[in-house]
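Engineer: This is a predicted model, with the sequence first.
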Amino acid sequence: MPLELKVTVPILHGSWVWAPPRARAERWSEPIRGGELDLQASLTGAARILRALGRARRQGPDPERLAWFGLAWRLHVLEPVDRGDLLAPRLLAQRWREVGVIPYPHQLETARRVVEDLDGRAILADEVGLGKTLEAGLVLKEYLLRGQVERALVLCPAALVYQWYQELREKLDVQAIMQRDPSDWERPGVIIGSLDLAKRSPHREILAGQRFDLLIVDEAHKLKNPRTQNHKLVQAIPRTYTLLVTATPVQNGLEELYHLTSLLRPGQLGTYRTFQAAFMIDRHTPRAPEELRRLLGRVLIRHRHREVAKDLPERRVETLLVDPTREERAFYDAVTDLVRREYRRLGTLAGMLPLITLQRELASSVEAACATLEHLLDQGDLEPELAGRLLEQARSVSRQAKLERCLELVRATEGQVLLFTEYRATQGVLLGRLQAEGIVALAFDGSLSASRKAFVRELFRRRGQVLVSTDSGAEGLNFQFCHHLIHYDLPWNPMRLEQRIGRVHRLGQTQPVLVRTLAVRGSVESYMLYLLQQKIRLFESVIGELDAILSGAALQTTVEAAFTRALLESRDEADLLTRLDELAGRILQERRRLDESRERVPWL
């Protein structure tokens, strides 16, 4: 009997199609347009996946089967699953093999818990480097496959928009839109945009008038204060499911966790007053921690490096102090005297940024320092006579000891090297010397377009020997295929150092990682190394711990600002070391407080 023509749904050989719980369990085989469609199922009241063994276009089934095939239109997966299993890993297995993605058990379990147990509303709070982006992306992909999400919105820092776009496209086969125009917020599909932009008018009004099936917010600790525009924006966006992604769900107090949880499940922890009474002895100490853990278990998923990444390869650290040439020392001392005189004259760091930048560049390369000296001269911020003397001293430096030592290291290294510098001028010097030595060296910095970055990264992976990168260039990118890292210069913000190391020493790395740091003896960098390595032993810390330590209240300021003041206010080296010891003491105090907090609440 011919079938009534109502709808056409493509069924491909080897595909799997979604069957709703109401569908009958049966083996259904009948010829269609010269092919044969064979559907098999074993349905026990829960939804199942059916396999199409033939190649056909099914036309016009009866009403019950029409619903069945209508859902099939929305799902394509590769093999049958039971309730609680994920469809996405099965569909993506081949792609993951092609791009080298190896999802870890904790990532798959996180996605499963969000979808099956937490109703799509969760705080993904794994420590830095444990793959929260992939976890959130897996949840998105799973919901797309199940037909439960058609519109999704990802809000993240502007610097991470392209990383999200790339991760979703390459690893999860999700074709997203990067928001560039206010009208983009209204487009169908998956939209990725800047949180900072989204909270401004007219963007926030447009978003408040949209409805999304899934909202993902990266760096969600920026929502911890309910009085901020960030928090109010997310609260105002209509959505069904919500993922808040942050490595630090609690930075300064338990109230932050309360406010994040309330964005997901209002009332889950009661009113703030009842939460305080029931669960807070003080801002840092929970009352009834096991009951709090039980309640948070309905929204919070957190993994630590000590638990998940205990099998990471070894990370070795070497510090290489280089003696400067006589000309380098004279130039360094002259610039340092200038910076300190100006600070004493002003009595404040305000207005000192150009000279502080000069001081930092001085420890990187003569070329970087000269570029700033010439800029200060052009802007009229430096007396021509003084600038001329300094530039003349700079030009007298014919050999840079640190540069020569770096070239020796690279030549002696078997394998690819990720070489970091803060400054483009220094990057140019390094590239020129490396390439003159016949070394395949590539440049990577924040000026590259997204597509160019992807091209250079792949070229380095396949053929490069050295990638000379600025911090902004490598932000958010992973280089697990490389296990040699050199800090040519040191950022004064320790978090930048940890982020550099995290580019290579992270999940997916299979080789022992060697991190080497170059510094000129007696330079500002050597004192930064004294603080970070000898006093707080930063390089031995687990990646991901530093953010929680440095954001603690005991520091009262940033390490960068405290270090700058110590450097400029010290009378001599002994005084500087004393000041750095005091700063290290505050950092270690915060580390002890964090350790004590973890002892009280080991799961947070």
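Structural biologist: Arrived safely. Numbering: from 1, shown residues only.
Engineer: so where's the stretch 251-400 of the chain shaky on pLDDT?
Structural biologist: Applying pLDDT under 70 to the stretch 251-400 of the chain flags the ranges 251-252, 309.
Engineer: at 80 instead, please
Structural biologist: Scanning the stretch 251-400 of the chain with the threshold set as pLDDT under 80 gives 251-253, 283-286, 305-312.
Engineer: With just CA atoms, put stretch 526-540 into PDB.
Structural biologist: Provided in PDB are the C-alpha atoms of stretch 526-540 (Å, rounded to 0.1, in the frame of the first residue of the first chain):
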ATOM      1  CA  SER A 526      66.800  39.200  39.200                       C
ATOM      2  CA  TYR A 527      64.900  40.700  42.100                       C
ATOM      3  CA  MET A 528      61.600  39.600  40.700                       C
ATOM      4  CA  LEU A 529      63.000  36.100  40.500                       C
ATOM      5  CA  TYR A 530      64.200  36.400  44.100                       C
ATOM      6  CA  LEU A 531      60.600  37.100  45.200                       C
ATOM      7  CA  LEU A 532      58.800  34.600  43.000                       C
ATOM      8  CA  GLN A 533      61.300  31.700  43.100                       C
ATOM      9  CA  GLN A 534      63.300  31.900  46.300                       C
ATOM     10  CA  LYS A 535      60.600  33.300  48.600                       C
ATOM     11  CA  ILE A 536      57.200  32.100  47.400                       C
ATOM     12  CA  ARG A 537      58.500  29.200  45.200                       C
ATOM     13  CA  LEU A 538      56.000  30.100  42.500                       C
ATOM     14  CA  PHE A 539      57.500  27.800  39.800                       C
ATOM     15  CA  GLU A 540      56.900  24.800  42.100                       C
END
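Engineer: Just the buried positions in it, please.
Structural biologist: S526, Y527, M528, L529, Y530, L531, L532, K535, I536, L538, F539 (16 or more other CB atoms under 10 Å). C-beta coordinates here come from the backbone N, C-alpha and C atoms, glycine included.
Engineer: what's it in contact with?
Structural biologist: Stretch 526-540 is touched from outside by 317, 319, 321, 490, 492, 494, 497-498, 501, 515, 517, 519-520, 546, 559, 563, 567, 576-577, 580-581, 583-584, 587-588, 591, with contacts defined as CB atoms under 8 Å, 6 or more residues apart in numbering.
Engineer: a markdown table for the buried residues of stretch 526-540, including distance to E170 and pLDDT?
Structural biologist: Below are those laid out as a markdown table (distance: CB to CB, whole Å; pLDDT from 0 to 100):
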| residue | distance to E170 | pLDDT |
| --- | --- | --- |
| S526 | 41 | 91 |
| Y527 | 42 | 90 |
| M528 | 36 | 89 |
| L529 | 37 | 88 |
| Y530 | 41 | 89 |
| L531 | 39 | 88 |
| L532 | 34 | 85 |
| K535 | 41 | 78 |
| I536 | 37 | 76 |
| L538 | 32 | 71 |
| F539 | 31 | 65 |
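Engineer: Show me the residues you listed that map onto helices.
Structural biologist: Judged by DSSP state H, the subset of the buried residues of stretch 526-540 located in helices is S526, Y527, M528, L529.
Engineer: and the contacts of stretch 526-540, which of them are in strands?
Structural biologist: V317, T319, L321, V515, T517, A519, V520 (DSSP state E).
Engineer: ok, so of those residues, who is nearest E98?
Structural biologist: V515 (30.2 Å; CB to CB).
Engineer: ok, what's across the strand from the closest one?
Structural biologist: V317, L485 (DSSP bridges).
Engineer: Tell me the one among the ones in strands among the contacts of stretch 526-540 nearest to S183.
Structural biologist: Of all these, S183 sits closest to V515, with 46.0 Å by CB to CB.
Engineer: surely the closest one meets R503?
Structural biologist: No. If you go by CB atoms under 8 Å, V515 and R503 don't touch, sitting 10.7 Å apart.
Engineer: Touching both of these two, which residues are there?
Structural biologist: Here V515 and R503 have L485 as joint contacts, going by CB under 8 Å, 6+ apart.
Engineer: how's the protein carved up into domains?
Structural biologist: Taking automatic domain parsing as the reference, the chain has its domains at 8-72, 88-308, 322-395, 405-422+432-600.
Engineer: picking that back up, could you export the ones in helices among the buried residues of stretch 526-540 as CSV, including distance to V440?
Structural biologist: Formatted as CSV, those follow (distance: CB to CB, whole Å):
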residue, distance to V440
S526, 31
Y527, 35
M528, 31
L529, 30
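Engineer: between those residues, which is nearest R239?
Structural biologist: Closest approach between those and R239, by CB to CB: M528, at 44.3 Å.
Engineer: still on that earlier bit, from the ones in strands among the contacts of stretch 526-540, list just the buried residues.
Structural biologist: Taking 16+ other CB under 10 Å as the criterion, what is buried in those is V317, T319, L321, V515, T517, A519, V520.
Engineer: now the last one: how far from M528?
Structural biologist: Distance check for V520 against M528: by CB to CB, to the nearest Å, it reads 12 Å.
Engineer: which residues touch the closest residue in space to I192 that isn't next to it in sequence?
Structural biologist: Excluding the flanking residues, the one nearest I192 by CB to CB, 6 or more residues apart in numbering is V154, at 4.4 Å. Shown in contact with V154 (CB under 8 Å, 6+ apart): W164, L168, A176, V190, I191, I192, G193, I216, V217, D218.
Engineer: what sits opposite the third one in the beta ladder?
Structural biologist: Right, A176. Judged by DSSP bridges, the bridge partners of A176 are V190.
Engineer: okay, now it: neighbour count?
Structural biologist: Other residues near A176 number 21, with proximity taken as other CB atoms under 10 Å.
Engineer: Hmm, Q166 and it touching each other?
Structural biologist: No. Using CB under 8 Å as the test, A176 is too far from Q166 to be in contact (9.6 Å).
Engineer: the longest helix in the chain is where?
Structural biologist: Longest helix in the chain, counting residues (DSSP H): helix 573-600.
Engineer: Run the chain-centre distance for that helix.
Structural biologist: Distance of helix 573-600 from its chain centroid, counting by CA atoms, centre = their mean, to the nearest Å, is 26 Å.
Engineer: now do stretch 290-301
Structural biologist: Distance, stretch centre to chain centre, for stretch 290-301: 25 Å (CA atoms, centre = their mean).
Engineer: And for stretch 443-451?
Structural biologist: 17 Å.
Engineer: Please shift the residue numbers so they start at 6 in all later answers.
Structural biologist: All set: I'll call the first residue 6, so the last point we hit is now stretch 448-456.
Engineer: Pull that stretch out as PDB, backbone CA atoms only.
Structural biologist: Taking Å, rounded to 0.1, in the frame of the first residue of the first chain, the C-alpha atoms of stretch 448-456 are listed here in PDB:
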ATOM      1  CA  ALA A 448      56.400  35.300  15.400                       C
ATOM      2  CA  PHE A 449      53.200  35.200  17.400                       C
ATOM      3  CA  ASP A 450      51.700  38.300  18.900                       C
ATOM      4  CA  GLY A 451      48.400  40.000  19.600                       C
ATOM      5  CA  SER A 452      48.400  42.000  16.300                       C
ATOM      6  CA  LEU A 453      47.800  38.800  14.300                       C
ATOM      7  CA  SER A 454      44.300  38.200  13.000                       C
ATOM      8  CA  ALA A 455      42.500  35.100  14.300                       C
ATOM      9  CA  SER A 456      43.000  33.200  11.100                       C
END
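Engineer: Number of residues surrounding R95?
Structural biologist: R95 has 17 neighbours, counted by other CB under 10 Å.
Engineer: what pLDDT, on average, does the one helix or strand it maps to get?
Structural biologist: In this structure, R95 sits in helix 93-104 according to DSSP states H and E. Mean per-residue pLDDT for helix 93-104: 82.
Engineer: follow-up on the earlier one: which of the domains of the chain has the lowest mean pLDDT?
Structural biologist: Among the domains of the chain, domain 13-77 carries the lowest mean pLDDT, a mean of 37.
Engineer: now the strands: where do they sit in the stretch 156-305 of the chain?
Structural biologist: 157-161, 181-183, 195-199, 217-223, 244-250, 305-306 (DSSP state E, counting those that start in this stretch).
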